[in-house]
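Peer 1: sequence first, predicted model second:
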Amino acid sequence: MIRVHCPDAAATRAVGRRLAGLLRPGDVVLLAGDLGAGKTVFAGGIGDGLGVEDPVVSPTFVLVRHYRGLMPMTHADIYRLGSSAELEDLDLPAESADGVLVVEWGDAASQAFADDHLMVRFAVHPDGTRTLEFTGTGSWTGRPLQEVAG
Ligand SMILES: Nc1ncnc2c1ncn2[C@@H]1O[C@H](COP(=O)(O)OP(=O)(O)OP(=O)(O)O)[C@@H](O)[C@H]1O
Ligand SMILES: [Mg+2]
């Protein structure tokens, strides 16, 4: 497990950008953390690293947004989903098979995603800084995750 301290939003974004360099088509990145913890900021950094030109904005109300970059990026926010049936209807893994899938609140439904995924947990400290904790399963065990720390 890798922990990275992020003093501000720019730092969180930079960590996302570095993570993008480790991503492969079919990857699933689950983001876990409270409201406002920085999940969307981090997803924006992944978009930067994947060369996505459109601004990565919160998919809170639309649930899913698709971006074009070096590989396709699908960004979902499942906070408002009422049931696992709704999640199945979205069929996120199929929609993003040839690209990267980034899911905010993904921890709430991690069993719905591939066993092979990266979990990123966001902790917010009293001083407003964040710590990001990376835990990879499956193919992630062989990847140089420490590179996200810069
Ligand atoms: N170290 C930090 N990392 C990330 N964001 C930070 C940090 N410090 C302050 N912020 C601010 O916190 C906010 C994080 O918002 P963001 O939308 O990324 O959170 P979120 O986890 O996606 O929330 P939600 O659960 O509502 O989708 C931004 O306004 C950002 O500028
Ligand atoms: Mg968000």
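Peer 2: Structure's in. What do you need? Numbering: from 1, shown residues only. Ligands and ions are numbered 1, 2, ... in the order given.

Peer 1: show me which residues of the protein are close to ligand 2?
Peer 2: 39-40, 58, 104 (CB under 5 Å from the ion). Where you see a C-beta, it was placed from the backbone N, CA and C, and this is true even at glycine.

Peer 1: by neighbour count, which of those wins?
Peer 2: Taking other CB atoms under 10 Å as the neighbour criterion, residue 39 ranks highest of the residues of the chain next to ligand 2 with 28 neighbours.

Peer 1: against residue 88, how distant is that residue?
Peer 2: According to CB to CB, to the nearest Å, residue 39 and residue 88 sit 22 Å apart.

Peer 1: for whichever residue of the chain sits closest to ligand 1, which non-adjacent residue is spatially closest?
Peer 2: Ligand 1 sits closest to residue 38 of the chain, with a gap of 2.8 Å, by CB to the nearest ligand atom. Excluding the flanking residues, the one nearest residue 38 by CB to CB, 6 or more residues apart in numbering is residue 12, at 4.7 Å.

Peer 1: can you list the buried residues in the helix or strand encompassing the one you found?
Peer 2: Element membership for residue 12 (DSSP states H and E) is helix 9-20. Using 16 or more other CB atoms under 10 Å as the test for burial, helix 9-20 gives 11-20.

Peer 1: ok so, going back, got the contact list for the residue nearest to residue 38?
Peer 2: Shown in contact with residue 12 (CB atoms under 8 Å, 6 or more residues apart in numbering): 6, 38, 41-42, 45, 130, 132.

Peer 1: who wins for neighbours among those?
Peer 2: Within the contacts of residue 12, most neighbours by other CB under 10 Å means residue 42, with 29 neighbours.

Peer 1: was I right to think that residue contacts residue 16?
Peer 2: Yes - with contacts counted by CB atoms under 8 Å, residue 42 reaches residue 16, the gap being 4.3 Å.

Peer 1: CA-only coordinates of the helix or strand of the chain with the lowest mean pLDDT in PDB, if you can.
Peer 2: Lowest on mean pLDDT, DSSP states H and E among the helices and strands of the chain sits helix 92-95, with a mean of 86. The C-alpha trace of helix 92-95 is given here as PDB (Å, rounded to 0.1, in the frame of the first residue of the first chain):
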ATOM      1  CA  LEU A  92     -19.800   0.500 -16.400                       C
ATOM      2  CA  PRO A  93     -17.200  -2.300 -17.000                       C
ATOM      3  CA  ALA A  94     -18.700  -3.000 -20.500                       C
ATOM      4  CA  GLU A  95     -18.900   0.700 -21.300                       C
END
